[in-house]
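Q: the amino acid sequence is not available; the structure is as follows:
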């Protein structure tokens, strides 16, 4: 019999400016060593679906943490807190990066960590993941799931909270990138994905992009009509292949 | 669209939620990924009282088609209701600001009883 076990719970992490916030944390039960993933939730908030994806990562052998990016507007239910954040113009990139760095530090501090940590995100979280890959040191890989606004075509869309288009920081990106996109998505559009890929290619970055025909935004999300089972299954397979390749335990890798 | 685009409008009124009736002074309106409704995008309205911190909200998420239909029905109800309740020319209701007066009146008449307080930015009620 193969024993499977998982511990999933809310934990406290120290984020941007040392602020103490909450995160959803799921990890396999066992001595490890386990690689880690910081999973960045989508714009609607720290919802049940994102927590399920955190547990999915744990089910596949990763210690995964999903920081609540809107905790400062709490207490309250994640949807109400998300509405307050939206009404206030959203979260600042610098604050999110601080929280993501704090979540990564939490993972690395666990005794069963193998020292490797990826950053991954959906939707606006995909954009945040790309930004973290460019600006937060220490990550080993990044997974961008249909992150919109990595390319900003309208300069008026930049503001104090989001002052730089992530694509303009690509020269600072030093880790492998996995990108999953639907060709019918409106944000990012297929053209924007092509332009992102062109920048990565031009700068000699390590990347894998997978595009799916007949698929729009958020096609992993079974709570939305855009859900597509086959691309979702294929996409998760790409995610786990990529993470296993780049987050392998160093000692095990050396022994091979 | 994964955006933070919000259309805000000041308003005068009340809304009822899990904690009972509350005065509302603002509607935040946006079209984006919903939290609960099984749609890719939904028209969301959060009714809040910003003057009291905006912590509590009364929220709806509607399909684009429903939202447009609702707008039409709101306008239709206003039109037919205002005709039905129109005062005679010689008999202005106390809460009806004079049409030529550009300064918004305090829209809270006595008939609103316990809800009445100074409120200067909203249009007339009635």
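A: Thanks, I have the structure now. Everything quoted here is computed from the prediction, not taken from an experiment.

Q: for chain A, give me its nearest residue in chain B.
A: Using CB to the nearest CB, the single residue of chain B nearest to chain A is residue B:4, 3.7 Å away. Quick note: C-beta positions are derived from backbone N, CA and C, even for glycine.

Q: I figured that residue was touching residue A:89, is that so?
A: Yes - counting by CB atoms under 8 Å, residue B:4 does reach residue A:89; the two are 5.7 Å apart.

Q: those two: who's more crowded?
A: residue B:4 (20 against 14; other CB atoms under 10 Å in any protein chain shown).

Q: how about the more buried one, phi and psi?
A: phi -110, psi 20 (degrees, to the nearest 10).

Q: who in chain B is up against chain A?
A: Residues of chain B lying close to chain A by CB under 8 Å from any CB of the partner chain are B:1-4, B:6, B:8, B:28, B:30, B:32-36, B:38-40, B:46, B:48, B:54-57, B:59.

Q: could you point out which element follows the one helix or strand residue A:86 maps to?
A: Assessed by DSSP states H and E, residue A:86 sits inside helix A:78-87. Going down the chain from helix A:78-87, the next helix or strand is helix A:93-108, by DSSP H and E.

Q: what secondary structure does residue A:188 sit in?
A: At residue A:188 the chain is in coil, as set by DSSP: H, G, I helix; E, B strand; the rest coil.

Q: apart from its chain neighbours, what residue comes closest to it?
A: residue A:148 (5.2 Å; CB to CB, 6 or more residues apart in numbering or on different chains).

Q: pretty sure that neighbour is in a helix, no?
A: No - going by three-state DSSP, the assignment for residue A:148 is coil, not a helix.

Q: next up, the contacts around the residue of chain B closest to chain A.
A: A:43, A:86, A:89-90 (CB atoms under 8 Å, 6 or more residues apart in numbering or on different chains).

Q: and for residue B:40?
A: A:216-218, A:224-226, B:33 are the contacts of residue B:40 under CB under 8 Å, 6+ apart.

Q: now distance to residue B:71 and neighbour count too, for these, in a markdown table please.
A: Below are these laid out as a markdown table (distance: CB to CB, whole Å; neighbours: other CB atoms under 10 Å in any protein chain shown):
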| residue | distance to residue B:71 | neighbour count |
| --- | --- | --- |
| A:216 | 26 | 20 |
| A:217 | 25 | 25 |
| A:218 | 27 | 24 |
| A:224 | 24 | 19 |
| A:225 | 23 | 10 |
| A:226 | 25 | 21 |
| B:33 | 21 | 26 |
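
Q: of those residues, closest to residue A:26?
A: residue A:218 (20.8 Å; CB to CB).

Q: for residue B:62, see how far away the closest one is.
A: As for residue A:218, its distance to residue B:62 is 19 Å (criterion: CB to CB, to the nearest Å).

Q: over to residue A:190?
A: 29 Å.

Q: residues of the stretch 101-250 of chain A that sit close to chain B?
A: So the stretch 101-250 of chain A meets chain B at A:123-124, A:127, A:148-149, A:186-187, A:216-218, A:223-226 (CB under 8 Å from any CB).

Q: residue A:20: which of these is nearest?
A: Looking across those and measuring by CB to CB, the closest to residue A:20 is residue A:124, at 23.2 Å.

Q: helices of the chain, start to end?
A: Using chain A. Listed in chain order, the helices of chain A (DSSP state H) span A:48-59, A:78-87, A:93-108, A:124-135, A:190-202, A:229-246, A:250-255.

Q: sorry, I should have been clearer: chain B.
A: Secondary structure of chain B by DSSP H: the helices cover B:64-84.
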